[in-house]
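Q: predicted structure and sequence below. I'll ask about it afterward.
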Amino acid sequence: MTDIRASNRDFEKYHQVRKDHSYRLAENEADAFDEGYEIRTLDFSAFLSGNLEHRARFANEFASALREIGFAVLTGHGVESALYDDIHEGVLDLFTTTPMDEKMRFRAARSGSVAQGYFPLEETSNIHPDLVEGWVWCRRAFDIPQDRERPFRAEEFWPSADHERLFRRLVLAHEPLFQPIIQAMFQGLGVDPHLYDQKLTRTNFGLRLNHYPPMSLAQDRSGAGRLFGHEDVDLFTILPASRIDGLQVWNHRSGKWVRMLAPYGSIIINTGDYMQRITNDALPSTTHRVGKPSDRSHLTVPRVSFPMAVYVWEDVVLEVLPGLGEPRYPPVKAITFHTRSTSKFYGDDYAVDED
Ligand SMILES: [Fe+2]
């Protein structure tokens, strides 16, 4: 089904965590906006280099922002915005100079848990005709430390090895943040901050590049949005703020959408389904989508974004963390959890069941 009137309720059977709310996948005239709500911006340097007291205060504020809406904006993370400039240009270059037949050679397919490869315009999922083209790579597609069955060969994953080298810089800049981010979340929840240190050492991830070309007038009128409402299937996502606005976040309390306004150079962190599962619903996997920008530049200017989803490897068992109450969920292998969830987007045969 690809239908701009589809509701999240049409896909309930795929959900592996509680999702009680209802929303239409595309932005529509019935949507209400929570204009007064501001997603919190926090200075991560307090946790990265502060004393015990600074760290504790940051952890509490971070966990409290995430409990409330599942999103927070971080400054002081130590990644230079010049890198984000380079990646922005690299994304435009990749999508606009790679011929379509070359892109289609890398068409997305399951690699472990992750749907890796190229997603054409309107085919980000089977369920919604979004006006975005995307490209996803997991850890195996990068020449970085990991266990491998055979030597790394860039041409298996990339149209050019130059692209791997460029996007590897982003991966290497973000990877050192994985542990501090989860440590701060866990500390703020009153859980042992180091419970996932091992699991997040050389862990799997999905780097997704999104290219939203300028819309034609016909596309603008079609009712399709830039990216449909969804929840991330991961522990958390690191999303450098885009130069063009449009990200909208579901506020569970008001039942309205909040416009994300994060300054360029900051990173947006949101918790996903894995995190909701292991925190026994304490940290929500919050719905978000990309609508048209406030300045109507979607008719003339492309939008670029490059979220990085942080996963655990396929054979790790996701269990409710100790100290967060009577578990509402049984333990489940990550590959089963992940692919059952994402078969919502890629079809029932995407699911892999491993006990
Ligand atoms: Fe997302």
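A: That came in fine, so what should we check first? Residues are numbered from 1 along each chain as shown.

Q: any idea where the helices of the stretch 51-200 of the chain begin and end?
A: 52-69, 81-97, 100-105, 161-189 (DSSP state H, counting those that start in this stretch).

Q: highest mean neighbour count out of these?
A: helix 161-189 (a mean of 19; mean count of other CB atoms under 10 Å). In this view, the C-beta of every residue, glycine as well, is placed from N, C-alpha and C.

Q: packing partners of that helix?
A: Applying 3 or more CB pairs under 8 Å, 6 or more residues apart in numbering; DSSP states H and E, one finds that helix 161-189 contacts helix 45-49, helix 52-69, helix 81-97, strand 205-212, strand 236-240, strand 308-310.

Q: okay, those in CSV with mean pLDDT and distance to residue 28 next?
A: Shown next, in CSV, are the helices and strands packed on helix 161-189 (pLDDT from 0 to 100; distance: least, CB to CB, whole Å):
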stretch, mean pLDDT, distance to residue 28
helix 45-49, 98, 39
helix 52-69, 98, 21
helix 81-97, 98, 28
strand 205-212, 97, 19
strand 236-240, 98, 24
strand 308-310, 98, 27
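
Q: so which of the ones you listed is nearest residue 119?
A: When those are compared for distance to residue 119 using CB to CB, the nearest one is strand 205-212, at 8.8 Å.

Q: any weak-confidence spans in this protein?
A: For the chain, the stretches with pLDDT under 70 are 1-4.

Q: residue 167 contacts residue 208, doesn't it?
A: No. When contacts are counted by CB atoms under 8 Å, residue 167 is not listed as touching residue 208 (10.8 Å).

Q: and residue 283, how far from residue 311?
A: As judged by CB to CB, to the nearest Å, residue 283 and residue 311 stand 16 Å apart.

Q: one more: residue 303?
A: Note on residue 303: its distance to residue 311, by CB to CB, is 25 Å.

Q: residue 250 belongs to a strand?
A: Yes. Counting by DSSP: H, G, I helix; E, B strand; the rest coil, residue 250 is part of a strand.

Q: neighbours around it, how many?
A: 23 (other CB atoms under 10 Å).

Q: identify the residue spatially nearest to it, adjacent ones excluded.
A: Once flanking residues are discounted, residue 250 sits nearest to residue 287: 3.8 Å by CB to CB, 6 or more residues apart in numbering.

Q: could you pull up phi and psi at residue 204?
A: The phi/psi pair for residue 204 (degrees, to the nearest 10) reads phi -80, psi 160.

Q: distance to residue 217 added to the helices of the stretch 51-200 of the chain, as CSV?
A: Output for the helices of the stretch 51-200 of the chain, formatted as CSV (distance: least, CB to CB, whole Å):
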stretch, distance to residue 217
helix 52-69, 34
helix 81-97, 21
helix 100-105, 23
helix 161-189, 32
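
Q: closest one to residue 253 among these?
A: helix 52-69 (7.5 Å).

Q: could the helices and strands packed on helix 161-189 be laid out in CSV, adding distance to residue 265?
A: Compiled in CSV, the helices and strands packed on helix 161-189 are given as follows (distance: least, CB to CB, whole Å):
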stretch, distance to residue 265
helix 45-49, 13
helix 52-69, 19
helix 81-97, 4
strand 205-212, 18
strand 236-240, 8
strand 308-310, 16
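
Q: out of those, which is closest to residue 145?
A: The closest of those to residue 145 is strand 205-212. By CB to CB, the value is 13.3 Å.

Q: quick one: contacts for the residue nearest to residue 250?
A: Residues in contact with residue 287 (CB atoms under 8 Å, 6 or more residues apart in numbering) are 8, 21, 23, 229-231, 249-250.

Q: closest to residue 291 among those residues?
A: When the contacts of residue 287 are ranked by distance to residue 291 (CB to CB), residue 229 comes first, at 9.7 Å.

Q: tell me which helix or strand the closest one sits in.
A: Per DSSP states H and E, residue 229 falls inside strand 227-230.

Q: strand partners (parallel or antiparallel) of that strand?
A: Strand 227-230 pairs in its sheet with strand 288-290 (antiparallel), by DSSP bridges.

Q: so what sits opposite residue 304 in the bridge?
A: residue 211.

Q: nearest to residue 267, out of the helices of the stretch 51-200 of the chain?
A: helix 161-189 (8.0 Å).

Q: returning to what we had before: give the buried residues for the strand holding residue 229.
A: For strand 227-230, a neighbour-count test (16 or more other CB atoms under 10 Å) marks 227-230 as buried.

Q: quick one: which of these is nearest residue 189?
A: Using CB to CB, residue 230 is the member of these that lies nearest residue 189, at 24.4 Å.

Q: many thanks, I have nothing further to ask.
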